[in-house]
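Trainee: Pasting the sequence and the predicted coordinates here, then a few questions.
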Amino acid sequence: MTSTDQERWQQVKKRLRIELGEDVFTSWFARIELETIEKGTIRLSVPTRFLRNWIQSHYSEKVLGHWQAEDPIINRLELSVRSAAIRPLPVKPKCAESSVPPREAREIPRNGVEARTGTPFMSVHEALGGSPLDPRLSFGTFIVGRSNTLANAAARQVATSRRGEPLMFNPLYVHAGVGLGKTHLLQAITWAGNGGDRKVLYLTAERFMYGFVSALRSQTTLAFKEAVRAIDVLMIDDLQFLQGRSTQAEFCHTLNALIDAGRQVVIASDRPPADLESLDDRVRSRLAGGLVVEIGSLGEELRLEILKSRVAAACIHHPGFEVPAAVLAFIAKSVTHNGRDLEGAVNRLLAHSKLTGQPVTLEMAEREMRDLIRPAEPKRVRIEDIQRVVARQYNVSRADLLSSRRTANVVRPRQVAMYLAKVLTLRSLPEIGRRFGGRDHTTVLHAVRKIENLAGSDSALAEEIESLKRQLQE
């Protein structure tokens with residue numbers, strides 16, 4: 001590479017700086033380097049995959065065009081990653097922010113421009129380092145029942161909308177326990193958006209954290225923000241795992257920017273927005289302002305349909321695999337917690353059948369499913385439920401419980417509700433106080449001790465509290 005080549009490269013960068021502006025140029029091209037020029041091919045390198053992918057998708061034609069203005073024989077541009085921004089450690093990562101290794105994006109030639117990797121570019125989802133997608137998680141494989149009908153309908157509405165159409169609800173917030181279908185629906189939306197007119201991106205909260213921290217370390221935060229906020233449909237899975245003040249602040253800004261720009265946001269979590277204690281009040285309020293849908297537990301009928309679907313899918317690859325109807329009915333009745341347990345049950349039957357050569361029987365299923373048949377877990381009680389039940393019991397309103405009123409007919413129910421919140425939930429005293437009109441944690445502690453002492457000497461109050469507990473746990 002000659003000094004003339006370097007001079008031409010400086011001229012190309014000068015042209016880019018003038019055309020794109022100082023901020024964009026600094027974000028994308030400050031750390032790009034000229035590697036070689038030979039046989040009409042210019043080779044450039046950048047320090048991160050993220051930079052390479054974004055330049056490849058958005059600026060490669062401009063760079064090639066400016067090179068051709070300096071040297072007409074240039075007809076091809078290659079981009080490569082000079083070094084990784086964050087290298088996976090040989091030991092287990094200590095924090096969630098470094099636990100997700102970067103995924104290699106795939107690219108195809110575009111007007112004479114190609115990446116050195118030579119792998120095909122698949123979509124915006126891949127280019128931006130979206131979280132891995134499971135091809136099995138589509139709308140076609142999602143089994144609909146009473147507990148998930150609304151969530152499925154809302155997800156399909158998002159998936160079939162087109163760019164420019166008014167959004168029916170934004171954001172869409174889906175919450176449920178483990179293995180009830182949240183991730184399935186979000187990935188189904190992503191698959192449905194492949195090849196459409198909208199840019200669709202699916203990220204786990206952990207992957208969002210990784211992307212932001214990686215951008216901070218590689219000094220490409222402006223690029224990261226620009227990339228994510230250009231998405232038409234952004235999905236964030238497992239929001240409850242979003243950690244770190246700066247990461248949460250960036251998520252808040254991204255959420256507001258996308259919603260204000262009319263872009264669709266879909267969120268999944270294991271709890272409703274109000275229960276995401278680590279998030280800022282403004283974020284929880286914005287999330288609750290869209291459509292919040294809960295996926296309930298799987299009923300026996302739905303569990304049976306899921307089992308039939310999983311067995312049918314297994315039969316495609318293992319034609320001799322058969323499960324009697326009585327075995328399916330037994331599993332549907334006995335394995336009650338979530339869809340992953342049901343899938344695990346089918347896998348056990350399949351493994352037993354293939355490895356031993358013996359047919360699946362009810363006796364074998366009873367033996368293999370022992371550890372999946374768990375005792376029923378107590379119902380998860382929410383503070384809102386406690387306030388509603390206590391207000392009804394004592395003939396006051398929920399607003400009374402949250403108010404500053406100190407009349408006897410309000411103080412006692414409020415103290416009972418605070419006591420129940422402490423013994424029936426895992427919420428901290430400060431969080432309980434916040435849910436009761438922004439009270440201090442010492443007020444909650446006083447209420448808890450007061451009711452404990454009174455219940456020890458007042459049998460009528462003790463019976464009332466036990467009755468309230470039964471109502472809340474039924």
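Mentor: Ah, there it is. Numbers count the residues shown, from 1 in each chain.

Trainee: Point out where this structure drops to low pLDDT.
Mentor: Counting by pLDDT under 70, the ranges of the chain that qualify are 1, 23, 27, 50, 82-129, 194-196, 374-379, 474.

Trainee: mind giving me the domain split of it?
Mentor: Domain segmentation of the chain under automatic domain parsing yields 3-122, 139-294, 300-372, 383-473.

Trainee: Check the offset of the third one from the chain's centre.
Mentor: Meaning domain 300-372. On the basis of CA atoms, centre = their mean, to the nearest Å, domain 300-372 sits 29 Å off its chain's mean C-alpha point.

Trainee: how distant is the helix or strand where Tyr419 lies from the center of its chain?
Mentor: Per DSSP states H and E: Tyr419 is located in helix 408-424. Put simply, helix 408-424 sits 35 Å off its chain's centre (CA atoms, centre = their mean).

Trainee: That helix: which residues count as buried?
Mentor: For helix 408-424, the neighbour count (16 or more other CB atoms under 10 Å) marks 410, 412-422, 424 as buried. C-beta coordinates here come from the backbone N, C-alpha and C atoms, glycine included.

Trainee: Mind picking the one among these that's closest to Arg367?
Mentor: Nearest to Arg367, judged by CB to CB, of the buried residues of helix 408-424 is Leu424 at 36.9 Å.

Trainee: The closest one: what's it in contact with?
Mentor: By CB atoms under 8 Å, 6 or more residues apart in numbering, the residues touching Leu424 are Val381, Ile386, Lys469, Leu472, Gln473.

Trainee: same thing with Arg348?
Mentor: Counting by CB under 8 Å, 6+ apart, Arg348 touches Glu368, Met369.

Trainee: Secondary structure element for it, which one?
Mentor: With DSSP H and E as the criterion, Arg348 is inside helix 339-356.

Trainee: So which bits of that helix are buried?
Mentor: Under the neighbour-count criterion of 16+ other CB under 10 Å, helix 339-356 has Gly339, Asp341, Leu342, Glu343, Gly344, Ala345, Val346, Arg348, Leu349, Leu350, His352, Ser353 buried.

Trainee: From the residues you listed, pick the one nearest Arg284.
Mentor: Gly339 (27.6 Å).

Trainee: any idea how far Gln6 is from the closest residue to the closest one other than its chain neighbours?
Mentor: Leaving aside its sequence neighbours, Gly339 sits nearest to Gly179 (CB to CB, 6 or more residues apart in numbering; 4.8 Å). In this view, Gly179 and Gln6 are 57 Å apart by CB to CB, to the nearest Å.

Trainee: Who has more neighbours out of the two?
Mentor: Gly179 (17 against 12; other CB atoms under 10 Å).

Trainee: Let me see the contact set for the more buried one.
Mentor: Neighbouring residues of Gly179 by CB under 8 Å, 6+ apart: His337, Asn338, Gly339, Arg340, Asp341.

Trainee: ok, now with 6 Å
Mentor: Asn338, Gly339, Arg340 (CB atoms under 6 Å, 6 or more residues apart in numbering).

Trainee: ok, and the closest non-adjacent residue to the last one?
Mentor: Read that as Arg340. Nearest non-adjacent residue to Arg340 (CB to CB, 6+ apart): Gly179, at 3.8 Å.

Trainee: can you check the first one too?
Mentor: Nearest non-adjacent residue to Asn338, counting by CB to CB, 6+ apart: Gly179, 2.8 Å away.

Trainee: Just the strands from the chain, written as ranges.
Mentor: Under the criterion DSSP state E, the chain contains strands at 33-38, 41-46, 76-81, 113-115, 172-175, 200-204, 233-237, 264-269, 291-294.

Trainee: Now render those strands as a markdown table, adding distance to Gln187 and mean neighbour count.
Mentor: What follows is the strands of the chain, written out as a markdown table (distance: least, CB to CB, whole Å; neighbours: other CB atoms under 10 Å):
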| stretch | distance to Gln187 | mean neighbour count |
| --- | --- | --- |
| strand 33-38 | 37 | 14 |
| strand 41-46 | 30 | 20 |
| strand 76-81 | 27 | 20 |
| strand 113-115 | 26 | 22 |
| strand 172-175 | 12 | 26 |
| strand 200-204 | 6 | 24 |
| strand 233-237 | 8 | 25 |
| strand 264-269 | 10 | 25 |
| strand 291-294 | 17 | 18 |
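
Trainee: ok, back up a step: quickly note the distance from the residue nearest to Asn338 to Gly357.
Mentor: Taken as CB to CB, the span from Gly179 to Gly357 is 31 Å.

Trainee: from the buried residues of helix 408-424, which is closest to Pro166?
Mentor: Nearest to Pro166 among those, with distances taken as CB to CB, is Ala421, at 40.0 Å.

Trainee: can you count the residues close to Gln240?
Mentor: 16.

Trainee: and it, how far is that from Thr204?
Mentor: According to CB to CB, Gln240 and Thr204 sit 11 Å apart.

Trainee: next one: Glu165
Mentor: Per CB to CB, Glu165 is found 27 Å from Thr204.

Trainee: Val178 now?
Mentor: 14 Å.

Trainee: Ok, Arg245 next?
Mentor: 19 Å.

Trainee: do the same with Arg229
Mentor: Computed as CB to CB, the Arg229 to Thr204 distance reads 19 Å.

Trainee: got a list of what Gly320 touches?
Mentor: So Gly320 contacts nothing (CB under 6 Å, 6+ apart).

Trainee: For it, grab phi and psi.
Mentor: phi -80, psi 0 (degrees, to the nearest 10).

Trainee: Gln473: neighbouring residues, count only.
Mentor: 11.

Trainee: neighbours of Glu61, just the number please.
Mentor: 13.

Trainee: gap between it and Leu77?
Mentor: Distance from Glu61 to Leu77, counting by CB to CB: 9 Å.

Trainee: Dump stretch 140-158 to PDB, keeping only the CA atoms.
Mentor: The C-alpha coordinates for stretch 140-158 follow below in PDB (Å, rounded to 0.1, in the frame of the first residue of the first chain):
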ATOM      1  CA  GLY A 140     -48.400 -22.100  13.200                       C
ATOM      2  CA  THR A 141     -47.100 -24.100  16.200                       C
ATOM      3  CA  PHE A 142     -48.700 -21.900  18.900                       C
ATOM      4  CA  ILE A 143     -51.600 -23.800  20.500                       C
ATOM      5  CA  VAL A 144     -54.400 -21.400  21.500                       C
ATOM      6  CA  GLY A 145     -56.600 -21.900  24.500                       C
ATOM      7  CA  ARG A 146     -58.700 -19.900  27.000                       C
ATOM      8  CA  SER A 147     -55.600 -18.700  28.900                       C
ATOM      9  CA  ASN A 148     -53.800 -17.200  25.900                       C
ATOM     10  CA  THR A 149     -56.400 -16.200  23.400                       C
ATOM     11  CA  LEU A 150     -56.100 -12.500  23.900                       C
ATOM     12  CA  ALA A 151     -52.300 -12.600  23.900                       C
ATOM     13  CA  ASN A 152     -52.300 -14.600  20.600                       C
ATOM     14  CA  ALA A 153     -54.800 -12.200  19.000                       C
ATOM     15  CA  ALA A 154     -52.800  -9.100  20.000                       C
ATOM     16  CA  ALA A 155     -49.500 -10.700  18.800                       C
ATOM     17  CA  ARG A 156     -51.100 -11.500  15.400                       C
ATOM     18  CA  GLN A 157     -52.400  -8.000  15.100                       C
ATOM     19  CA  VAL A 158     -48.900  -6.700  15.600                       C
END
